[in-house]
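J.: Need coordinates for the below:
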Amino acid sequence: MGARSERYTAVAIILHWLIAIAIIGMIFGGWYMGDLPDGAPGQYFLYQLHKSIGITILLLTVARILWRVMNPPPGLPEDMKPLEKTASHLVHIGFYAVMLLLPLTGWLYSSVSVKLDVPTVLFGIISWPDIPFVEGLKTESASGAVNFIHSKLAWVTFALLALHIAGAIKHEFSAEEGVLKRMMPGLFGETRPPALPANGAVAAFGSAIGLLILIAGAPVLIKAISGGGAPVQNTSGITTNWQVDYEQSEIRFGGVHDGNDYTGTFDNWDAAIRFDPAAPESAEVNVTVSTQSAQANQKLYTDSLPAPEWLNTSAFPTAQVEIVDITGSEDTGFTSTARLTLKGITVEAPFAFTLSLDGNTASMTGQTVLQRTPLDLGQDSDASADWVGEDVTVDVTVTATRAQ
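T.: Now for the predicted structure:
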């Protein structure tokens, strides 16, 4: 009997099985998601999980390629026929192409999709940007073509997998030396350690982590450089007689997404208030809100809000609110109309609020309910409200002191 075969390095073995299991699981998961009706419970979460695992596969593949360069795999058995060696090399090249193309086409589809135009947040933690400079592909036909390629790569994967398994079994049970034991040490016979000590873990995995930081961090850096977080200024010209304590005041919004409640706040706003509780009909209230300051209870929602179909913060960095037609009293509560201008669209909604006076300090709480459709919110991806509820509840809490 000849010398025992040389096995792969432990890192190569772990990466091989991690990526293989992840890709196969992703293919079946993708088919499952595709069969779900729009708006099915948990569908949105599954899409985010699918994208998160896909990007993880891409980064692991980068690490695996670099590891392979620095730690060449053991050679094929000497008794393998030349044609079979060529076929083996071609199948491996095909696998590496699939490991790169599956996540890359998925990322591209996510970037240009019209139906699923939502941000990617890796495992609900790390914002992952769309591929830049592909806006021209954001059409039904182009995104459909990308999705077609992405989905058909699954069948390419299974074809390669069939060839890979057939070849491994053939060599295992023929007169030639088996190869399964080199990737599954101890299960199909004994092997000897790699000829050279493993090296390059820091370079391989550091490069993958560096790529993650570079891609995920670039938009954050660009936003920090461009600014945009300066306090907004109300320019209504109202002569105010109340000074708002913004630390004790809040504009909060909420609704339902994918069957779950979501909430958020606008953290940058400026109110001009002239109000006499004894003569509410003469009041003037105008609020300027920075749409860029919207923060939700989940990072995915926060990342979604600036998009053109939602708040469109790049084109409309502020919204205006007027409170008009105020009637009532401190004892009975007040009714009024909230006139909101958002994205150049003005709507009106009933706004009821209560007021409590303690010397020169006033505390107000109020609520209104808005509808998405009149404000053109989310009409591209979810006009039928399959995922995001039509109603948006806005709760306002204000603490203010009387101007002296």
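J.: pull the longest strand from the chain.
T.: strand 345-358 (DSSP state E).
J.: Per the annotation, how does this structure divide into domains?
T.: 5-224, 242-402 (automatic domain parsing).
J.: now these in a markdown table, with mean pLDDT, mean neighbour count and distance to Ser236?
T.: Placement of C-beta: from N, CA and C, glycine included. Listed next are the domains of the chain as a markdown table, based on pLDDT from 0 to 100; neighbours: other Cβ atoms under 10 Å; distance: least, Cβ to Cβ, whole Å:
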| stretch | mean pLDDT | mean neighbour count | distance to Ser236 |
| --- | --- | --- | --- |
| domain 5-224 | 89 | 16 | 29 |
| domain 242-402 | 96 | 17 | 4 |
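J.: before we move on, back to that, report all helices and strands that the helix or strand following the longest strand of the chain contacts.
T.: Sequence order places strand 361-371 as the next helix or strand after strand 345-358, per DSSP states H and E. Packing partners of strand 361-371 (3 or more Cβ pairs under 8 Å, 6 or more residues apart in numbering; DSSP states H and E): strand 345-358, strand 391-402.
J.: Of all those strands, which one comes closest to Lys85?
T.: Across the helices and strands packed on strand 361-371, Lys85 has its closest neighbour in strand 391-402 (63.2 Å, Cβ to Cβ).
J.: what sits up against that closest one?
T.: Taking contacts as Cβ atoms under 8 Å, 6 or more residues apart in numbering, the residues outside strand 391-402 that touch it are 241-245, 248-256, 271, 273, 338, 353, 360-372, 377.
J.: Next, the angle from it to strand 345-358.
T.: Angular relation of strand 391-402 and strand 345-358 on a 0 to 180 degree scale: 40 degrees, by axes from the mean of the first three to the mean of the last three Cα atoms, to 10 degrees.
J.: what are the pairing partners of strand 391-402, and which direction each?
T.: Sheet pairing for strand 391-402, assigned by DSSP bridges, gives strand 242-244 (antiparallel), strand 250-257 (antiparallel), strand 361-371 (antiparallel).
J.: ok, residues contacting the shortest one?
T.: Meaning strand 242-244. Ala271, Ile273, Arg274, Phe275, Ala362, Val398, Thr399, Ala400, Thr401, Arg402, Ala403.
J.: related to what we said a few turns ago, wait, which of the strands paired with strand 391-402 is closest to Leu211?
T.: Closest among these, once you apply Cβ to Cβ, is strand 250-257, at 30.8 Å.
J.: and that closest one, how far from the chain's centre?
T.: Taking Cα atoms, centre = their mean, to the nearest Å, one finds the center of strand 250-257 at 19 Å from the center of the full chain.
J.: One more: stretch 122-142?
T.: Relative to the chain's own centre, stretch 122-142 is displaced by 10 Å; criterion: Cα atoms, centre = their mean.
J.: picking up where we left off before, could the domains of the chain be laid out in a markdown table, adding distance to Thr235?
T.: Converted to a markdown table, the domains of the chain look like this (distance: least, Cβ to Cβ, whole Å):
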| stretch | distance to Thr235 |
| --- | --- |
| domain 5-224 | 25 |
| domain 242-402 | 7 |
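J.: For the longest strand of the chain, list the C-alpha coordinates in PDB.
T.: Output of strand 345-358 as PDB, limited to C-alpha atoms (Å, rounded to 0.1, in the frame of the first residue of the first chain):
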ATOM      1  CA  ILE A 345     -48.000  67.100  -0.700                       C
ATOM      2  CA  THR A 346     -50.400  68.700   1.700                       C
ATOM      3  CA  VAL A 347     -53.000  66.700   3.700                       C
ATOM      4  CA  GLU A 348     -55.200  67.500   6.600                       C
ATOM      5  CA  ALA A 349     -56.100  65.300   9.600                       C
ATOM      6  CA  PRO A 350     -58.000  65.800  12.900                       C
ATOM      7  CA  PHE A 351     -55.600  66.500  15.700                       C
ATOM      8  CA  ALA A 352     -56.900  66.200  19.300                       C
ATOM      9  CA  PHE A 353     -54.800  67.200  22.200                       C
ATOM     10  CA  THR A 354     -54.900  67.900  25.900                       C
ATOM     11  CA  LEU A 355     -53.200  70.700  27.800                       C
ATOM     12  CA  SER A 356     -52.100  70.900  31.400                       C
ATOM     13  CA  LEU A 357     -50.800  74.200  32.900                       C
ATOM     14  CA  ASP A 358     -48.600  74.400  35.900                       C
END
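J.: Need the three-state assignment for the nearest residue to Ile65 once chain neighbours are set aside.
T.: Of all residues not flanking Ile65 in the chain, Tyr96 sits nearest, at 6.8 Å (Cβ to Cβ, 6 or more residues apart in numbering). Here Tyr96 is recorded as helix under DSSP: H, G, I helix; E, B strand; the rest coil.
J.: circling back to that earlier point, got the helices and strands packed on strand 361-371 as TSV, with distance to Val69 columns?
T.: As requested, these are exported to TSV (distance: least, Cβ to Cβ, whole Å):
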stretch	distance to Val69
strand 345-358	55
strand 391-402	52
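J.: quick one, which of the ones you listed is nearest to Ser207?
T.: strand 391-402 (43.7 Å).
J.: on that earlier part again, check which strands are paired with the longest strand of the chain and give the direction for each one.
T.: Strand 345-358 has these strand partners (DSSP bridges): strand 333-342 (antiparallel), strand 361-371 (antiparallel).
J.: next one: the longest one to chain centre, how far?
T.: Relative to the centre of its chain, strand 361-371 is centred 31 Å away, using Cα atoms, centre = their mean.
J.: ditto for stretch 59-79
T.: 32 Å.
J.: Show me the contact partners of it.
T.: Against stretch 59-79 from outside (Cβ under 8 Å, 6+ apart): 5-9, 11-12, 15-16, 18-19, 22, 85, 88, 96, 99-100, 103, 171, 175-177, 179, 182, 194-196, 198-201, 203-205, 207-209, 211-212.
J.: Which of the helices or strands spans the residue nearest to Val98 when sequence neighbours are not counted?
T.: Spatial nearest neighbour of Val98, chain neighbours left out: Thr157 (5.1 Å); criterion: Cβ to Cβ, 6+ apart. If you go by DSSP H and E, Thr157 is part of helix 140-173.
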